[in-house]
Structure formats: C-alpha cells, structure tokens
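> Sequence unavailable; structure follows:
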C-alpha cells in the first residue's frame with residue numbers, strides 16, 4: 001500500500017481540523033507563497049496551485065518540476081472539486097471499501113486522479129471553497145506537504161487548529 005497507512009477516519013478528522021476562517025485572493029496567494037517557501041527551502045521539485053472554486057489564483061512550478069505536473073494537478077483538482085475531500089482520503093476510502101473509485105464515480109483515471117496532493121480548502125462560514133494541489137513528490141509526501149502548508153498558514157494567522 002502506498003497511502004502511508006492512513007485510515008479514512010484519520011484523514012476525515014484532519015480535514016475537519018484544517019479549517020480556515022476565510023478564503024479570498026490575498027489569502028490564497030499567502031497559502032501558495034508558504035508552499036513556495038517550504039519547497040524552495042527543501043529544494044523540492046514541485047508544482048502547486050491554489051484555486052478558489054475553479055479559478056486558479058496562485059500557481060508556481062519550482063525547479064525540478066515538469067510540464068506533466070500540470071496534468072496531475074488538474075486531475076487531482078477535479079477529484080477535490082467533485083467530492084470536497086482530499087484525494088488521498090478518496091483513495092484510502094476506496095481501498096478500505098474495496099471499490100473501483102473511478103467506476104463508482106463514473107469518471108476516468110485520465111481525468112480524475114485519486115493520488116495524494118489535492119486538499120480541500122474549507123472555511124468555517126462557507127464550507128468547501130477551494131483547493132490546494134501539489135504535484136511532484138510521492139503521493140503521501142504531496143499530501144503531507146499540503147497539510148503542512150495549511151497548518152503553517154493557520155499558525156501565521158493565529159488561527160487555532
């Protein structure tokens with residue numbers, strides 16, 4: 001198993017913990033800049049996006065990332081937009097239930113990727129409002145970096161987790 005021994009219950013609790021007070025363009029850019037800062041410090045070959053709804057508000061491709069990262073980002077973003085959960089949550093839940101996620105959801109793997117790195121941006125007031133997507137690392141590392149970025153964003157803003 002390549003999903004970090006996560007359980008769907010653990011991942012759902014994580015999503016319910018990583019809730020933002022609000023999300024607008026300025027805040028989305030701040031989230032993206034935290035990702036770039038962490039990626040540069042660690043010399044990570046990542047591409048990342050922050051979206052509000054379907055709109056890409058922030059995008060960066062760090063040294064070592066590749067054009068195909070855009071394909072992965074779009075596939076992960078479609079899963080989060082459709083289900084309002086992280087891509088790794090969807091994968092782990094499908095594995096736990098022994099189902100073919102793509103068949104159950106009537107979508108193709110070519111358009112929807114249940115690989116870690118797509119995280120919902122949830123606000124207290126409006127619920128699901130956007131997506132943070134990371135591509136370039138193994139899926140568990142993509143996911144954990146996304147969690148770290150949101151956690152750091154909340155800490156910098158003085159929002160409790």
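Looks like it arrived, so ask away. Remember, predicted model here, so these are calculated numbers, not experimental data.
> Do you know the pLDDT at the residue sitting furthest away from the middle of the chain?
Relative to the centre of the chain, the most outlying C-alpha is that of residue 98, 23.1 Å out, by C-alpha atoms, centre = their mean. We have a pLDDT of 95 for residue 98.
> Quick check: the gap between it and residue 104.
11 Å (C-beta to C-beta, to the nearest Å). C-beta coordinates here come from the backbone N, C-alpha and C atoms, glycine included.
> buried residues in the host helix or strand of residue 38?
For residue 38, the host element (DSSP states H and E) is helix 25-42. Neighbour counts using 16 or more other C-beta atoms under 10 Å place 27-28, 30-32, 34-36, 38-39 of helix 25-42 among the buried residues.
> packing partners for the longest strand along the chain?
When the chain is parsed with DSSP state E, its longest strand is strand 127-135. Other elements packing on strand 127-135 under the criterion 3 or more C-beta pairs under 8 Å, 6 or more residues apart in numbering; DSSP states H and E are helix 25-42, strand 47-52, helix 68-83, strand 118-123, helix 139-156.
> Note down every partner strand of the second one and its orientation.
Each strand pairing with strand 47-52, determined using DSSP bridges, is listed with its direction: strand 55-61 (antiparallel), strand 127-135 (antiparallel).
> deepest of those, which one?
Of all the strands paired with strand 47-52, strand 127-135 has the most neighbours on average by mean count of other C-beta atoms under 10 Å, namely a mean of 24.
> could the helices and strands packed on strand 127-135 be laid out in a markdown table, adding mean pLDDT and distance to residue 132?
Output for these, formatted as a markdown table (pLDDT from 0 to 100; distance: least, C-beta to C-beta, whole Å):
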| stretch | mean pLDDT | distance to residue 132 |
| --- | --- | --- |
| helix 25-42 | 98 | 6 |
| strand 47-52 | 98 | 5 |
| helix 68-83 | 98 | 9 |
| strand 118-123 | 98 | 5 |
| helix 139-156 | 97 | 5 |
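> Throw these into a markdown table and include distance to residue 108, thanks.
Shown next, in a markdown table, are the helices and strands packed on strand 127-135 (distance: least, C-beta to C-beta, whole Å):
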| stretch | distance to residue 108 |
| --- | --- |
| helix 25-42 | 28 |
| strand 47-52 | 21 |
| helix 68-83 | 10 |
| strand 118-123 | 16 |
| helix 139-156 | 19 |
